[in-house]
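Trainee: Build the 3D model from these lines:
(one chain, ligands or ions: 1)
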Amino acid sequence: MLKLTFLGTSSGVPTIRRNVTALALHTTMNRDWWLVDCGEATQHQLLRIPHTVHELVGICITHVHGDHSYGLPGLLASASMNGRKKPLILVAPAPVKAWLDATMLHTELFLTFEIIHIDVASQQLVHRQDGLAIERFPLSHRAPSFGFKFSFEKTTWKIDSDALRARGVPPGPAWGLLQHGKDVQLEDGSTLLAAEFRSEHVERAVAVIGGDNDTPSLLAGACRDADILVHEATYTEAVLQKVGPGPQHSSVQRTASFAATAEVPNLVLTHFSARYDSAEGMAEVEAEARLHYQGTLLLARDFDTYELNAGVLARLAPAPRVK
Ligand SMILES: [Zn+2]
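Mentor: Alright, predicted model coming up:
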């Protein structure tokens, strides 16, 4: 039902295999999608996945740092050049909007669509529409940083085919009408009530996407009913100890231990320091994470798509590189 496609998984600076942070969230329900963070060159990464800026509903920016936001003006300018008309929701810290406005003014960028800015600091529930609610949770980082909780809900109506057959109603138009909530008059004058022959099925998927954050437990409330946690694991614990608390990032151990305590069934680690960008580096990250977390663990890679089905998260084959 829910899919995540990583467009950037490196912290601070890009590497040859990993761009800076960006993550696309989409569902199997329609072609709408959301972007969380928009590091520089996100629009180039986007050229390699099936989604386009036309179907992009909104962008959530976790914090002001450039590795999470410098891709915004370019992506918006290209969306304009491609003729986008639909308004775009931008959930972001106020300084990001001020910087964007200044960039647009000084570079004479005139967008062909409206930006609906929602100050991320203003309210917990930042968006709710069409079976999607987005809430934000304050984190701990050098700059004010937020995590986002995406709760998707899909409602379908199923008809009781056994009961209908037992009533002597074979598959046909009556079944469709009942499924759509319409009562059906039979030829014998009796009425089939939709309420008696259909039932509601609600499918939910909840993903918590962290921003930069040195205290994963701040997401304990958000993770209570989460299927997936995506969180930074910038350093291994030993390296974090050497670097010191200044950068205010999490370690693999801290993120994994929190996910275990919070009993989140699926954990995706991302935002890795460039020093781990090798098979050995990733093996080190994985080994440390597995020591502390026994659920489904995935280490994000650029262009990976993960799909959640019935609570199980799996890596899909990579998206096609050329449209
Ligand atoms: Zn960062």
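Trainee: can you map out the strands along the stretch 1-150 of the chain?
Mentor: Assignment of strands within the stretch 1-150 of the chain using DSSP state E, counting those that start in this stretch yields the ranges 2-8, 22-27, 33-38, 56-60, 88-92, 115-119, 125-129, 132-138, 146-159.
Trainee: Now mean neighbour count, distance to the ion and mean pLDDT too, for those strands, in a markdown table please.
Mentor: (C-beta placed from N, C-alpha, C; glycine too.) Written out in a markdown table, the entries for the strands of the stretch 1-150 of the chain read as follows (neighbours: other Cβ atoms under 10 Å; distance: least, Cβ to the ion, whole Å; pLDDT from 0 to 100):
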| stretch | mean neighbour count | distance to the ion | mean pLDDT |
| --- | --- | --- | --- |
| strand 2-8 | 25 | 10 | 96 |
| strand 22-27 | 24 | 11 | 95 |
| strand 33-38 | 26 | 8 | 98 |
| strand 56-60 | 23 | 14 | 98 |
| strand 88-92 | 23 | 15 | 98 |
| strand 115-119 | 16 | 20 | 98 |
| strand 125-129 | 15 | 20 | 95 |
| strand 132-138 | 19 | 16 | 97 |
| strand 146-159 | 19 | 13 | 94 |
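Trainee: buried stuff in the helix or strand where Glu307 lies?
Mentor: Following DSSP states H and E, one finds Glu307 within strand 305-309. By neighbour count, and taking 16 or more other Cβ atoms under 10 Å as the criterion, the buried residues in strand 305-309 are 305-308.
Trainee: closest to the ion among these?
Mentor: Distances from the buried residues of strand 305-309 to the ion were compared by Cβ to the ion; the smallest belongs to Tyr306, at 20.4 Å.
Trainee: Sheet partners, orientation included, of the strand holding Glu307?
Mentor: strand 2-8 (antiparallel), strand 312-315 (antiparallel) (DSSP bridges).
Trainee: Nearest to Glu200, out of the ones you listed?
Mentor: strand 2-8 (19.9 Å; Cβ to Cβ).
Trainee: What parts of the stretch 201-323 of the chain come near the ion?
Mentor: Among all residues of the stretch 201-323 of the chain, those adjacent to the ion (criterion: Cβ under 5 Å from the ion) are Asp212.
Trainee: In the stretch 201-323 of the chain, where is pLDDT below threshold?
Mentor: Judged by pLDDT under 70, the stretch 201-323 of the chain has its weakly predicted residues at 318-323.
Trainee: For the ion, give me its nearest residue in it.
Mentor: For the stretch 201-323 of the chain, Cβ to the ion, closest residue to the ion: Asp212, 4.5 Å.
Trainee: distance of that residue from Asp101?
Mentor: 24 Å (Cβ to Cβ, to the nearest Å).
Trainee: So which of those two has more stuff around it?
Mentor: Looking at Asp212 and Asp101 with other Cβ atoms under 10 Å, you find the greater number of neighbours at Asp212, namely 29 against 13.
Trainee: Setting the sequence-adjacent residues aside, check what's closest to the more buried one.
Mentor: Spatially, and ignoring its direct neighbours in sequence, Asp212 is nearest to His141 (4.5 Å; Cβ to Cβ, 6 or more residues apart in numbering).
Trainee: what about that neighbour, how many neighbours?
Mentor: Residue neighbour count, defined by other Cβ under 10 Å, stands at 21 for His141.
Trainee: Who are the contact partners of it?
Mentor: Under the criterion of Cβ atoms under 8 Å, 6 or more residues apart in numbering, the contact partners of His141 comprise 63, 211-214, 248-249.
Trainee: Phi first, then psi, for it.
Mentor: With angles defined as degrees, to the nearest 10, His141 sits at phi -150, psi 170.
Trainee: Distance check, the residue in the chain sticking out farthest from the centre against Gly168.
Mentor: When each C-alpha in the chain is compared with the mean C-alpha position (Cα atoms, centre = their mean), Asp188 comes out farthest, at 52.2 Å. Noted for Asp188: a distance of 9 Å to Gly168, by Cβ to Cβ.
Trainee: cool, and Phe146?
Mentor: 57 Å.
Trainee: What of Arg290?
Mentor: Separation of Arg290 from Gly168 (Cβ to Cβ) stands at 58 Å.
Trainee: and if you look at Ala226?
Mentor: 46 Å.
Trainee: more neighbours, these two?
Mentor: Under the criterion of other Cβ under 10 Å, the comparison of Ala226 against Gly168 puts Ala226 first, with 23 against 8.
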